[in-house]
Each structure stands twice: as C-alpha cells, then as structure tokens.
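Engineer: sequence and computational prediction follow.
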Amino acid sequence: MAVTTAGSTGTRARTGAVDVLVSTVLFVLSVVAVSVVRDQHRLAFRWPAVVLIAISCLALLWRRRHPFGVLVVAIGCAILLQGFDFRAGPLGMMSPVILSVYTVAVCTDRRTAWTTAGVSAALLVVGAMVADPRTWLAPDNAAMVAWMALPAAIGDGVRSRRAYVTAVEERAEHAERTREQEARQRVADERMRIARELHDVVAHHIALINAQAGVAVHLVERRPEHVLTALEGIRDVSQSALDELRVTVGLLRQPDETAAPRDPAPGMKQVPALLTSFERAGLAVKQTLSGDPAPLSPAADLAAYRIIQEALTNVRKHAGVDKARLDLSYRPGGLTITVEDDGRAKAASPEPGHDHRDGHGHGHGHGLIGMHERAVTVGGRVQAGARAGGGFSVTAELPLLPTGIDEKGRA
C-alpha cells in the first residue's frame with residue numbers, strides 16, 4: 001500500500017508541475033501577443049489585459065478537477081478582453097479557452113465535448129459582435145469556430161485512445177487472472193485424480209495382502225506345506241502394487257527428470273488378471289458377459305477397471321463372503337458393470353461418506369466417492385446400495401466410443 005500511495009503522490013506532483021509550466025508559458029505568450037504594438041514594432045503593456053490573462057491562466061491550474069468552471073472563467077476573461085478591444089488573435093485572447101475546451105473533451109464524452117465547443121464558439125462570437133457590431137462578418141469570427149473545434153477534436157481523440165488502452169489493459173489483466181485460475185483448477189483436478197489412483201491401488205492390494213497373510217497364518221498351523229503358495233501370492237500382489245504405484249507416482253515427475261513410465265494404464269484387458277488376484281486372496285468371482293464387447297476411451301477404460309477393482313475390494317473387506325458376481329453388459333453406446341455379493345449389508349441406501357457394508361459403517365466412503373467421481377468424469381454414473389435380498393450391489397454405466405473410432409480416438 002505504501003508503494004501505491006507513493007506512486008500516486010509522485011504522479012500528482014508531476015501533473016501539477018506540468019500544469020504550472022503550461023499556465024506560465026500561456027501567460028507569457030498571451031501577454032506578449034496582447035502587448036505588441038504592430039505599427040511601432042514595440043511592446044506596450046496594458047495592465048487590464050495582463051490582469052485578465054493572469055486570472056484565466058491561473059484558473060488553468062484547477063482545470064483537471066473543475067473543467068467546466070475553469071472554462072467559464074476563461075470564456076469570461078476572453079469576452080472582457082474583447083470588450084476592452086484587445087484584439088491580438090487567438091494566441092493572445094483565446095489560448096486559455098482553447099486549453100479549457102481540450103480538457104473538457106478529454107474528461108467527458110464526445111457529445112459533451114462538441115456541445116461545449118459549439119457553445120464556447122457562440123459566446124465568443126456574440127461577445128465580439130457586442131463589442132463591435134461592425135465586425136460580425138469579420139473573418140476572425142469564423143476563425144473562432146475553427147479554433148474551438150480543433151481542441152474538441154484533439155481532446156476527443158486523446159480520450160478515445162486512453163479508453164482503448166485502458167480496455168486493452170483490463171482485458172489482459174482479466175485474461176491473466178483467468179489463466180491463473182484455470183491453472184490452479186487443473187492442478188487441483190490432477191491432484192484429485194492421483195489421489196484416487198493411489199487410493200484404488202493401495203486399498204486393493206493391501207486388502208489382498210492382508211487376506212493372503214491371514215490365510216498363511218491359518219495354513220502354518222494346519223497345512224504348512226501350502227504356506228509357500230500363500231507367500232508367493234503375497235509376493236505377486238505386493239509386486240503388482242509396487243508396479244502400479246511406480247506408474248502413478250511417475251505422473252508427478254518434473255519434465256527435466258527421468259522419463260515417465262511407459263507401462264500402459266490398466267483397463268478392461270487386465271480384468272482377468274485382476275479376478276485371478278482376488279481368487280488367490282480367497283474371493284471367487286463369477287463373471288458373466290452379455291453383448292458384443294466394444295472399445296472404451298482410455299479414460300473410460302481406466303475408470304471401468306478401477307470401479308471393478310474398488311467394488312471387489314469392498315466385497316473382500318466388508319461383505320464377509322468368499323463369492324461375488326461381476327456382470328459386464330455391452331449395449332449400443334454404453335457398458336454396464338454390475339458387482340454384487342450376498343454379504344452382510346442391510347437393505348438400506350448407503351449414506352454419503354460411508355460404504356455401509358455390514359451395518360456397522362465399515363469403510364470411510366472414499367471408495368464409493370472415488371467410483372462416482374471416476375464415472376462422472378468420463379460421462380457415466382454409478383449407483384451403489386444394499387440389495388433387497390441381502391448383500392450389496394454396485395452398478396456403473398460408462399459410455400463406449402462412437403462407431404468407427406478406435407481406442408486412441410482415431411477415426
């Protein structure tokens with residue numbers, strides 16, 4: 001704030017100094033023009049004229065704050081000069097009026113500027129005719145009209161130019177603010193997307209590792225010969241988790257760092273491997289397929305995979321069953337994914353912020369929220385809730401690519 005105030009004070013000081021200099025120069029030129037005796041080629045100061053010129057030039061110091069008041073003073077002094085028969089041309093008599101008309105044109109609109117110039121010219125012409133009725137056809141009267149039109153035209157041009165520059169600067173500032181807001185929004189969206197990726201990867205794999213570790217503990221006591229198989233499953237799941245985390249965290253690399261990971265993002269082609277990982281963790285998934293499989297966009301393909309992954313993870317963590325059903329229904333223009341189980345969920349709609357599996361509010365709800373956000377992002381939707389006959393159901397509807405468009409969006 002101090003810097004802004006100092007800058008404004010400095011600008012006002014410079015403007016005031018310019019006004020003083022202009023007023024002084026006009027006063028000197030006007031006095032000289034009025035005091036010249038043409039026949040004798042000498043100066044003869046006429047003090048009434050000097051006083052009137054001094055008043056009009058002094059009033060110019062307030063022309064920016066009171067343009068119309070200063071114009072009235074300048075016109076009054078010019079008419080009095082005509083009444084005293086001090087005819088020294090426009091420089092000696094009308095220079096304060098000319099500058100005042102210019103100021104009015106700069107400070108107001110076009111109509112006001114030209115109206116002011118016309119009224120000023122009419123007053124000066126009438127004043128000249130009253131002072132000397134014989135000069136109503138004199139060329140000087142017509143020249144007054146031209147001298148009033150000139151500053152009005154210049155002032156109007158300056159005002160238009162300033163308004164144009166101001167508008168351009170405002171548009172540039174608005175565009176800059178808009179770019180900053182869009183950049184912040186893109187960063188926030190990217191953070192949310194990466195957060196969903198991390199949640200899906202960690203929740204899924206940690207749940208499977210936990211389940212397989214429990215199986216291993218059980219086998220140590222009863223069937224130790226199968227412990228190695230359980231440990232191998234834990235190894236495979238943890239390696240898969242590390243690979244997916246590497247891909248996701250690689251999105252955070254800076255452009256000057258090592259190359260981003262080239263592994264493809266998971267999609268519907270990886271669903272069989274996903275189901276196999278769940279079977280190793282003790283959850284048997286029965287898959288049904290209806291309709292002719294059709295390609296999805298890369299974003300929708302990833303969303304479909306993550307929705308299936310999250311829904312089955314919730315079954316494994318909260319349902320308390322070892323079986324689930326996955327139905328993939330391809331229809332014209334869309335894919336419907338349904339994941340169901342016969343677990344302990346009550347027949348009530350889940351409240352926002354809870355997964356509501358067994359009636360005890362297990363799960364903090366990020367899984368359902370993440371599935372919904374993923375579907376909405378690609379133009380789909382997700383419905384989740386307890387089934388009337390017991391268990392839980394998640395249904396996702398995602399759009400397919402238009403006919404004739406491949407998975408990369410090419411015709």
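Structural biologist: Good, I have the coordinates.
Engineer: can you count the residues close to Asp109?
Structural biologist: Applying other C-beta atoms under 10 Å, we find 11 residues neighbouring Asp109. The C-beta positions use only the backbone N, C-alpha and C, and glycine is treated the same way.
Engineer: same check on the one 5 residues further on?
Structural biologist: As a burial measure, the neighbour count of Trp114 was computed by other C-beta under 10 Å and equals 17.
Engineer: could you check how far it is from Val145?
Structural biologist: According to C-beta to C-beta, to the nearest Å, Trp114 stands 12 Å off from Val145.
Engineer: repeat that for Met192.
Structural biologist: 70 Å.
Engineer: settle it for me: which of those two has more neighbours?
Structural biologist: Between Met192 and Val145, counted using other C-beta under 10 Å, Val145 has the larger neighbour count: 16 against 13.
Engineer: quick check: that one vs Ala13, distance?
Structural biologist: 37 Å.
Engineer: give me the number of residues near Lys286?
Structural biologist: 11.
Engineer: how about the one 5 residues further on?
Structural biologist: The local packing of Gly291 (other C-beta under 10 Å) involves 13 other residues.
Engineer: residue contacts, the closest residue to it other than its chain neighbours?
Structural biologist: Nearest non-adjacent residue to Gly291, counting by C-beta to C-beta, 6 or more residues apart in numbering: Tyr330, 3.2 Å away. By C-beta atoms under 8 Å, 6 or more residues apart in numbering, Tyr330 lies in contact with 289-294, 400.
Engineer: and the buried ones among the residues you listed, selectable in PyMOL?
Structural biologist: The PyMOL selection below is limited to those of the contacts of Tyr330 classed as buried (16 or more other C-beta atoms under 10 Å):
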select buried, resi 400
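Engineer: out of the contacts of Tyr330, flag the one nearest to Leu312.
Structural biologist: Among those, Leu289 lies closest to Leu312 (C-beta to C-beta), at 16.3 Å.
Engineer: show residues contacting stretch 113-120.
Structural biologist: Contact partners of stretch 113-120, identified using C-beta under 8 Å, 6+ apart, comprise 68, 71, 75, 97, 101, 104-105, 108, 148-149, 151-152, 155-156, 159.
Engineer: highest neighbour count among these?
Structural biologist: Result: Val101 is most packed of those (other C-beta under 10 Å), 30 neighbours.
Engineer: test my guess that that one contacts Ile154.
Structural biologist: No. Using C-beta atoms under 8 Å, Val101 is not in contact with Ile154; the gap is 9.5 Å.
Engineer: can you give me the helices in the stretch 151-300 of the chain?
Structural biologist: 227-249, 271-280, 298-314 (DSSP state H, counting those that start in this stretch).
Engineer: what helices or strands is the second one leaning on?
Structural biologist: Translated: helix 271-280. Contacts defined by 3 or more C-beta pairs under 8 Å, 6 or more residues apart in numbering; DSSP states H and E place helix 271-280 against helix 139-222, helix 227-249, strand 284-290, helix 298-314.
Engineer: try 6 Å
Structural biologist: The contact analysis (3 or more C-beta pairs under 6 Å, 6 or more residues apart in numbering; DSSP states H and E) places helix 271-280 against no helix or strand.
Engineer: could you give the angle of it to strand 284-290?
Structural biologist: Here helix 271-280 runs at 150 degrees with respect to strand 284-290, directions being taken by axes from the mean of the first three to the mean of the last three C-alpha atoms, to 10 degrees.
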